[in-house]
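**Q** Build me a model from this:
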Amino acid sequence: MAENGGHEEAPVPSEAPEARLAASVILLRDGADGPEVFVQHRVSTMDFAAGMVVFPGGRVDAVDGSGWEFTDELARDHAQAWHRCSIAAADAATSRHNAGRVLAAALREVREESGLVLDAALLRPWANWVTPEDQPKRFDTYFYLAAPVPEDEARHQTTEAWQSLWMPVRGILDGEAAGALKLMPPTLVLLEDLLRLGSVDAGLAVERDIVPVRPEPGALKAFFERRRQSPAAE
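**A** Residues are numbered from 1 along each chain as shown. Take a look at the predicted model:
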């Protein structure tokens, strides 16, 4: 699993740690009370994003660089969607390969963490967030949106979380506002986007112009301080 940053307070290093490539998948479905997402509740003993509610995902590994079960055409389309991001390159072949690696990682992580074997064509490039430079662990995370077919049921099967389940987007946001759930900034922003869209069809109909989000040093500390001071969380 990997999303952005951590809430440790740390000085800005003279050389910021490299932001590791990562992929995260927002599994979305329509529910009785609006859109629902499949999320994991991270265990409190993890050294990264402990106790957070997150989407399935993880780092891009060497195994993701080959053996793809999707077409070069799909990788090319994804490269175009990510053309503003760090994986874009001067030549089309490198951009296509980089996009393919990240897509392969997303598919692998969903399979490992939820048991879903998704058709690569279901994954839509959605957002790109980069951890601030003052954090000890940094990720350049590529988020995808996917709506699994009803017959494919996601399940809990990762030791990094104590439970994984479908939850209403509104319920997660209400829980975070009340201080009962913890979210990283990308998760909060993306859930708010999905709530505004209101349904799977509305989400899939959106044309995304993906601009990387690169918060400044200090942004993560300020985010958690604001959330702790929120009247709803008291």
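**Q** quick one, strands of the protein?
**A** 19-31, 34-42, 53-54, 57-59, 124-130, 138-146, 161-168 (DSSP state E).
**Q** Just checking: what are the partner strands of the first one?
**A** Sheet partners assigned to strand 19-31 using DSSP bridges are listed as strand 34-42 (antiparallel), strand 57-59 (antiparallel), strand 138-146 (parallel).
**Q** between the last one and strand 124-130, how big is the angle?
**A** Using axes from the mean of the first three to the mean of the last three Cα atoms, to 10 degrees, the inter-axis angle of strand 138-146 relative to strand 124-130 is 160 degrees.
**Q** roughly how far is strand 138-146 from the heart of the chain?
**A** 4 Å (Cα atoms, centre = their mean, to the nearest Å).
**Q** Please export the C-alpha coordinates of it as PDB.
**A** The C-alpha trace of strand 138-146 is given here as PDB (Å, rounded to 0.1, in the frame of the first residue of the first chain):
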ATOM      1  CA  ARG A 138       8.100  10.000  -0.300                       C
ATOM      2  CA  PHE A 139       5.900   8.600  -3.000                       C
ATOM      3  CA  ASP A 140       5.000   9.800  -6.500                       C
ATOM      4  CA  THR A 141       1.600   8.200  -6.500                       C
ATOM      5  CA  TYR A 142      -0.600   7.600  -9.500                       C
ATOM      6  CA  PHE A 143      -4.300   7.100  -8.700                       C
ATOM      7  CA  TYR A 144      -6.700   5.200 -10.900                       C
ATOM      8  CA  LEU A 145     -10.500   5.000 -10.800                       C
ATOM      9  CA  ALA A 146     -12.000   1.600 -11.500                       C
END
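**Q** Could you pull up the mean pLDDT of it?
**A** Here strand 138-146 scores 96 as its mean pLDDT.
**Q** what do you get for stretch 112-121?
**A** According to the model, stretch 112-121 has a mean pLDDT of 94.
**Q** hmm, back to that, closest one to G198 among the strands paired with strand 19-31?
**A** Set against G198 and scored by Cβ to Cβ, the strands paired with strand 19-31 come closest in strand 34-42, at 6.5 Å. The way it works is simple: take the backbone N, C-alpha and C, and place the C-beta from them, glycine included.
**Q** Please spell out which residues along the closest one are buried.
**A** For strand 34-42, the neighbour count (16 or more other Cβ atoms under 10 Å) marks P35, E36, V37, F38, V39, Q40, H41, R42 as buried.
**Q** Of the residues you listed, which is the nearest to E109?
**A** E109 lies nearest to Q40 out of the buried residues of strand 34-42, by Cβ to Cβ, at 10.9 Å.
**Q** Pull up the gap between that closest one and H156, please.
**A** From Q40 across to H156, the span is 8 Å (Cβ to Cβ, to the nearest Å).
**Q** C-alpha coordinates for the least confident helix or strand in the chain by mean pLDDT, PDB please?
**A** The weakest-scoring helix or strand in the chain, judged by mean pLDDT, DSSP states H and E, is helix 219-229 (a mean of 74). C-alpha atoms of helix 219-229 as PDB (Å, rounded to 0.1, in the frame of the first residue of the first chain):
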ATOM      1  CA  ALA A 219       2.000  21.200   4.200                       C
ATOM      2  CA  LEU A 220       1.400  17.800   5.700                       C
ATOM      3  CA  LYS A 221       2.100  19.000   9.300                       C
ATOM      4  CA  ALA A 222      -0.200  21.900   8.700                       C
ATOM      5  CA  PHE A 223      -2.900  19.600   7.400                       C
ATOM      6  CA  PHE A 224      -3.000  17.400  10.400                       C
ATOM      7  CA  GLU A 225      -2.900  20.400  12.800                       C
ATOM      8  CA  ARG A 226      -5.900  21.800  11.100                       C
ATOM      9  CA  ARG A 227      -7.800  18.500  11.300                       C
ATOM     10  CA  ARG A 228      -7.000  18.200  15.000                       C
ATOM     11  CA  GLN A 229      -8.300  21.800  15.600                       C
END
